[in-house]
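Participant: curious how this folds, go ahead:
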Amino acid sequence: MSKGKRYEEPKLNMKKVVAVIVAILVIIMFVFMMKGILQKEQDSSTGSISSLSYFAAFHDNKWGVMDSNGNTVIDPSYQEMIIVPNNKNDIFLCTYDVNYETGEYKTKVLNSKNEMIFTQYDKVEAIPNQDVNQNLWYEEDVLKVQKNGKYGMINFEGKEILQPEYETIEAVAGIKNAILIQKDGKYGVVDKEGKAMTDIAYTEIKPLGKDNKSGYIVKDEQGKYGIIDYSKNQVLPNQYEGIEAVYGNDLYVVVEAGKQKLIQKDGTEVLKDGFDKITAILKTSGAGVIYQKADKFGVMDLTGKVVIDSTYESLKEAKSGIFIASKDGKFGIIDMAGQEKLPFQYQSITYQEAADFYVAEDTSFQANILDNNFAVKQTGILIQIDTDKGYMELKQGEDYKYYNFRFEEKSQTDILSNNTLFVSKKDGKYGFVDKNGKVIVDYLYDDVTSQNSYGFAGIKKDGKWGSVDSKGSVVIEPTYNLDNYLLVDFIGRWHLGQDINMNYYNQLD
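Facilitator: Numbering: from 1, shown residues only. Purely as a prediction, here's the structure:
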């Protein structure tokens, strides 16, 4: 599921929305909780997979685990945060006996029965990763294990994917399902099944693109760089001083004699002058590149002819021949001829490729939603975009409205078909109705959130927040001031933590 610039269900505290935009791309909104599905358990030695989801829980300065029904699974009794690498699995990684001076520590793994599992290893740890915005996630299907000072890898059923014979195991930065392994001082890459994506033969490996199929920039013992694809085929020989993570249409950016140049796959030189740096290769084959010169950006074709002068503070191709650009701190849209398609008056502009429209926000976070002809189709504060279901949610005035990608308004019941509660407003107060419009929660509240994936919703009265469950029963009366929280999101008596990137819940009472 692809999200837009906001979140799936929880309501934004508008005082904190700037921080949300910074953190927003990293938030993953977990999985649906389906009532009535029987739990499926494996052998207790490896853990179980069930309809529940699990989260780190924080209470009284200690860490434990809770489930998506709001129940405590592991009592908060640990000094260090418990890692839940995949919230669909009851595998909880605990760190204890930490010596902060020496860096030594112990680990153990618990399941939802509070039983220790994977005890045959000296240590068991998650494999963390980060994107370019420092948003954290963990590899969801595998764990790093240590035995006799060497590292290996197991899956969540305990099957050994890699024997403990490696010096290090870590994620390839920013790439899912790409594990960097080191043996005898050399590096290689495997996937989560242990399949080799490169030989263990390099002194350095970096991703070329944004996924594990894009290939890798590799450095050999002579300090020279080349490129291999995910099937271990040599794309560019190891003969360059450097290679940038910029490619497309069988063109690559390499460094020779301390200067970037654009080459073809066979090594033929295409461009070497007229720029300080090449930052992107245009999507249309033969169209050219985005270049940087004197800290400004423009476009040149593959003959070196400047197509768009380097006068922009930033320049990014949204779709073929269309660019999101900035100047004087404001964003607009231009075409390949440099013609202005959208004026430079916005705080930010993004192109939603799956939906084929643009989102242009001003300084008050009001967004114009524009079609591919740059006509404004809707206006409001963008709450979310769901490309799987094909809709967006906007706050327009005091109302939250839903639209499909043809910009047609849809009802809550059309969009949120799994919900049991739907936000309703009457005489300036909020309550909830069922899908037939029957009032389930009376109109008593100054504000509410939509029901989240786990069945809970927030209720606000006199500046304080509480929660209701999927039947509309009050779990917590409005008691808590959440002005310092980025999002309002309850699971039972637990609330999403202030550091939303850490993906934990704390008990407020």
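Participant: residues touching E193, list them.
Facilitator: Counting by C-beta atoms under 8 Å, 6 or more residues apart in numbering, E193 touches I161. Just so you know, the C-beta spots here come from the backbone N, C-alpha and C atoms, and that holds for glycine as well.
Participant: then the one 5 residues further on?
Facilitator: Contacts here follow C-beta under 8 Å, 6+ apart; on that basis T198 touches 188-189, 205, 216, 218, 228, 232.
Participant: apply 10 Å and report the result again.
Facilitator: 178, 180-181, 187-190, 205, 215-216, 218, 228-232 (C-beta atoms under 10 Å, 6 or more residues apart in numbering).
Participant: between those, which has the most around it?
Facilitator: Using other C-beta atoms under 10 Å as the neighbour criterion, Y216 leads these with 29 neighbours.
Participant: okay, and the beta partners of that one?
Facilitator: P207, I228 (DSSP bridges).
Participant: ok, it touching Y202?
Facilitator: Yes: in terms of C-beta atoms under 10 Å, Y216 counts as a neighbour of Y202; the distance is 8.5 Å.
Participant: shared neighbours of those two, which are they?
Facilitator: Joint contacts of Y216 and Y202 (C-beta under 10 Å, 6+ apart) are 187-189, 226, 228.
Participant: among those residues, which are in strands?
Facilitator: With DSSP state E as the criterion, strands contain 187-189, 226, 228 from among these.
Participant: will you turn the residues you listed into a markdown table that also has pLDDT and distance to N481?
Facilitator: As requested, these are exported to a markdown table (pLDDT from 0 to 100; distance: C-beta to C-beta, whole Å):
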| residue | pLDDT | distance to N481 |
| --- | --- | --- |
| Y187 | 98 | 50 |
| G188 | 98 | 52 |
| V189 | 97 | 48 |
| G226 | 98 | 57 |
| I228 | 97 | 55 |
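Participant: wait, which of these is closest to G103?
Facilitator: Using C-beta to C-beta, Y187 is the member of those that lies nearest G103, at 22.8 Å.
Participant: what's the biggest strand in this structure, counting residues?
Facilitator: Across the chain, the longest stretch assigned as strand under DSSP E is strand 376-386.
Participant: buried sites along that strand?
Facilitator: Of the residues in strand 376-386, those buried by neighbour count under the rule 16 or more other C-beta atoms under 10 Å are 377-378, 380-386.
Participant: what does stretch 160-174 give?
Facilitator: Residues of stretch 160-174 classed as buried by neighbour count (16+ other C-beta under 10 Å): 161-162, 164, 166, 169-172, 174.
Participant: endpoint to endpoint, that stretch covers what distance?
Facilitator: Across its full length, stretch 160-174 reaches 24 Å between end residues, using C-alpha to C-alpha, to the nearest Å.
Participant: kindly report the same for stretch 496-505.
Facilitator: Using C-alpha to C-alpha, the end-to-end distance of stretch 496-505 comes out at 4 Å.
Participant: ok, stretch 138-152 next?
Facilitator: Terminal residues of stretch 138-152 lie 16 Å apart, using C-alpha to C-alpha.
Participant: and if you look at stretch 124-138?
Facilitator: The first-to-last residue distance of stretch 124-138 comes to 14 Å (C-alpha to C-alpha).
Participant: now swap in stretch 315-323 and tell me
Facilitator: 6 Å.
Participant: list the buried ones in it?
Facilitator: Neighbour counts over stretch 315-323 (16+ other C-beta under 10 Å) mark 315-318, 322-323 as buried.
Participant: where does the stretch 401-509 of the chain dip in pLDDT?
Facilitator: Where the stretch 401-509 of the chain drops to pLDDT under 70, the residues are 509.
Participant: before we move on, back to that, possible to save the buried residues of stretch 160-174 as a markdown table with secondary structure and distance to A355?
Facilitator: Output for these, formatted as a markdown table (DSSP: H, G, I helix; E, B strand; the rest coil; distance: C-beta to C-beta, whole Å):
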| residue | secondary structure | distance to A355 |
| --- | --- | --- |
| I161 | strand | 37 |
| L162 | strand | 40 |
| P164 | strand | 46 |
| Y166 | strand | 43 |
| I169 | strand | 38 |
| E170 | strand | 35 |
| A171 | strand | 30 |
| V172 | coil | 29 |
| G174 | coil | 24 |
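Participant: which among those gets closest to M502?
Facilitator: Closest to M502, out of all of the buried residues of stretch 160-174 and judged by C-beta to C-beta, is A171, at 17.5 Å.
Participant: between the buried residues of strand 376-386, which is closest to P128?
Facilitator: Nearest to P128 among the buried residues of strand 376-386 is Q384, at 26.1 Å by C-beta to C-beta.
Participant: wait, the closest one sits on Y391?
Facilitator: Yes: if you go by C-beta under 10 Å, Q384 and Y391 touch, sitting 8.6 Å apart.
Participant: please enumerate the shared neighbours of these two.
Facilitator: Shared between the contact lists of Q384 and Y391 (criterion: C-beta under 10 Å, 6+ apart) are residues Y402.
Participant: what about the helices in this protein?
Facilitator: Secondary structure of the chain by DSSP state H: the helices cover 17-23, 412-415.
Participant: on that earlier part again, please identify which pair of the buried residues of stretch 160-174 lies farthest apart.
Facilitator: For the buried residues of stretch 160-174, the maximum inter-member distance is 26.2 Å, found between P164 and G174 (C-beta to C-beta).
Participant: once you drop chain neighbours, what's closest to I476?
Facilitator: Closest residue to I476 apart from its sequence neighbours, by C-beta to C-beta, 6 or more residues apart in numbering: G466 at 4.0 Å.
Participant: burial count for that neighbour?
Facilitator: 20.
Participant: how about the one 5 residues further on?
Facilitator: For K471, the count of nearby residues is 10 (other C-beta under 10 Å).
Participant: from T413, how far out is the closest residue to it other than its chain neighbours?
Facilitator: The shortest distance from K471 to any non-neighbouring residue, by C-beta to C-beta, 6+ apart, is to T420 (7.1 Å). Separation of T420 from T413 (C-beta to C-beta, to the nearest Å) stands at 11 Å.
Participant: between these two, which contacts overlap?
Facilitator: Joint contacts of T420 and T413 (C-beta under 10 Å, 6+ apart) are 434-435.
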